[in-house]
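Engineer: quick check, what structure comes out for this input:
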Amino acid sequence: MLDTRIRTGIGALPSRCLVLTFDDGPGKTIGLGPGPRTQELGHYLAHEGIPATFFMCGMHIEENPDLPAELMTLGHQIGNHTWSHPSLPSLDREAIQREVLSTRQLLDQCGVIGPIPFRPPFGEWDRRVAAAMRADAQIRTSHDAVYHWNVNAEDWRLWDSGATPDECARAYLSAALAADSGIVLMHDSLADLGPNAACRRAANRTLEAVMLLIPRLREQGFTFVSLSQVPHQRPGQRAVQKIRSLRARH
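Structural biologist: Prediction:
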């Protein structure tokens, strides 16, 4: 059953413990070079023993219907990021529900079953959006919780400015060290529908940045757990010990 309280990871995880999440995909790029590379990213993280969550937009799932199931077989989690990435507070109740349900139904067809996490585009969330989602029985039963983040270096802005993967990795390392623990936000594609959308997506270098970032985070003592292990409130000592035990496996 959907819990509409926002989970950020702040105070809910032990020190130097991170959850990796990726928004706005999935996406594929043919050949070498920059561009959305959800499949390669999923395989790299699986090889490293890191479970990630991919918050997907329906319009991109429609173009890449094989990727959700493939990522799940690699041990990753799939989340709902609406169909077209609108600002949900700007929509009426019916439009909010359509954005969420259309993506959830497509994920069903792709083999993603059971309650899944939800992330609102831009992190924009209010009581009216929460009420709209609670009002639909299918939304309530097919989603488990709403997730924000607390570690972010705006990789999409770095790609827009022509930054290198190394610059992105350094920015995220600094953000992780400042936060100490929590949920990391990155983007394996871009949900922009503007006139320069294709060019902006083609500039994505998240895969390269992540491959530089993971070893550096581990050098600083960071470990990784899945999003499903993030409690809503600050855990007691028993919960912290459980998370520590689980993350030690990765």
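Engineer: which residue ranges form the strands in this protein?
Structural biologist: 3-7, 17-25, 52-56, 77-80, 116-118, 143-147, 182-187, 223-224 (DSSP state E).
Engineer: just give me the longest helix of the chain.
Structural biologist: Under DSSP state H, the helix in the chain containing the largest number of residues is helix 93-109.
Engineer: that helix: how far from the chain's middle?
Structural biologist: The chain centre lies 18 Å from the centre of helix 93-109; the measure is CA atoms, centre = their mean, to the nearest Å.
Engineer: and the contacts of that helix?
Structural biologist: Identification of contacts with helix 93-109 by CB atoms under 8 Å, 6 or more residues apart in numbering yields 56-58, 61-62, 65, 68, 78, 80-84, 86, 88, 91, 116, 118, 128-129, 131-133, 135-136, 138-139, 142-143. For every residue, glycine as well, the C-beta is placed using N, CA and C.
Engineer: list the contacts for the nearest residue to I96 once chain neighbours are set aside?
Structural biologist: Distances taken as CB to CB, 6 or more residues apart in numbering put A132 closest to I96, at 4.2 Å, once the chain neighbours are dropped. Under the criterion of CB under 8 Å, 6+ apart, the neighbours of A132 are 93, 96-97.
Engineer: over to T4?
Structural biologist: T4 makes contact with 130, 133-134, 146, according to CB under 8 Å, 6+ apart.
Engineer: same check, this time on L45
Structural biologist: 20, 51-52, 74, 76, 210, 214.
Engineer: out of the residues you listed, who's the most crowded?
Structural biologist: Compared across these, V210 has the highest neighbour count, 28 neighbours, by other CB atoms under 10 Å.
Engineer: wait, it touches L41, no?
Structural biologist: Yes - contact between V210 and L41 holds when scored by CB atoms under 8 Å: they sit 6.3 Å apart.
Engineer: identify the farthest-apart pair in the contacts of T4.
Structural biologist: Greatest spatial distance among those (CB to CB): R134 and V146, at 10.9 Å.
Engineer: these two: who's more crowded?
Structural biologist: Neighbours per residue (other CB under 10 Å) separate R134 from V146, with V146 holding more: 22 against 14.
Engineer: picking that back up, for the contacts of A132, pick the one with the most neighbours.
Structural biologist: In the contacts of A132, the most neighbours by other CB under 10 Å go to I96, 25 neighbours.
Engineer: counting neighbours, what do you get for L41?
Structural biologist: L41: 26 neighbours (other CB under 10 Å).
Engineer: any idea how far it is from H47?
Structural biologist: Noted for L41: a distance of 11 Å to H47, by CB to CB, to the nearest Å.
Engineer: which helix or strand in this structure has the lowest average pLDDT?
Structural biologist: helix 237-247 (a mean of 40; mean pLDDT, DSSP states H and E).
Engineer: which residues of this structure score low on pLDDT?
Structural biologist: 232-250 (pLDDT under 70).
Engineer: do that again at 80, thanks
Structural biologist: Applying pLDDT under 80 to the chain picks out residues 231-250.
Engineer: tell me which stretches of it form helices.
Structural biologist: Using DSSP H, the helices of the chain run over 38-47, 58-61, 67-73, 93-109, 127-134, 137-142, 155-160, 165-179, 197-202, 206-219, 237-247.
Engineer: which of those sits most buried?
Structural biologist: helix 58-61 (a mean of 22; mean count of other CB atoms under 10 Å).
Engineer: quick one: list the elements packing against it.
Structural biologist: The contact analysis (3 or more CB pairs under 8 Å, 6 or more residues apart in numbering; DSSP states H and E) places helix 58-61 against helix 93-109.
Engineer: only alpha carbons, please: show the helix it packs on as CSV.
Structural biologist: Extracted as CSV, the C-alpha positions of helix 93-109 are listed here (Å, rounded to 0.1, in the frame of the first residue of the first chain):
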residue,chain,number,x,y,z
ARG,A,93,-6.3,15.0,-10.3
GLU,A,94,-7.2,13.1,-13.5
ALA,A,95,-4.0,14.1,-15.3
ILE,A,96,-1.9,13.1,-12.3
GLN,A,97,-3.4,9.7,-12.2
ARG,A,98,-3.0,9.2,-16.0
GLU,A,99,0.7,10.1,-15.8
VAL,A,100,1.3,7.5,-13.0
LEU,A,101,-1.0,4.8,-14.2
SER,A,102,0.0,4.8,-17.8
THR,A,103,3.6,4.1,-16.8
ARG,A,104,2.7,1.5,-14.2
GLN,A,105,0.6,-0.4,-16.7
LEU,A,106,3.4,-0.4,-19.2
LEU,A,107,5.8,-1.7,-16.6
ASP,A,108,3.3,-4.5,-15.9
GLN,A,109,3.5,-5.5,-19.6
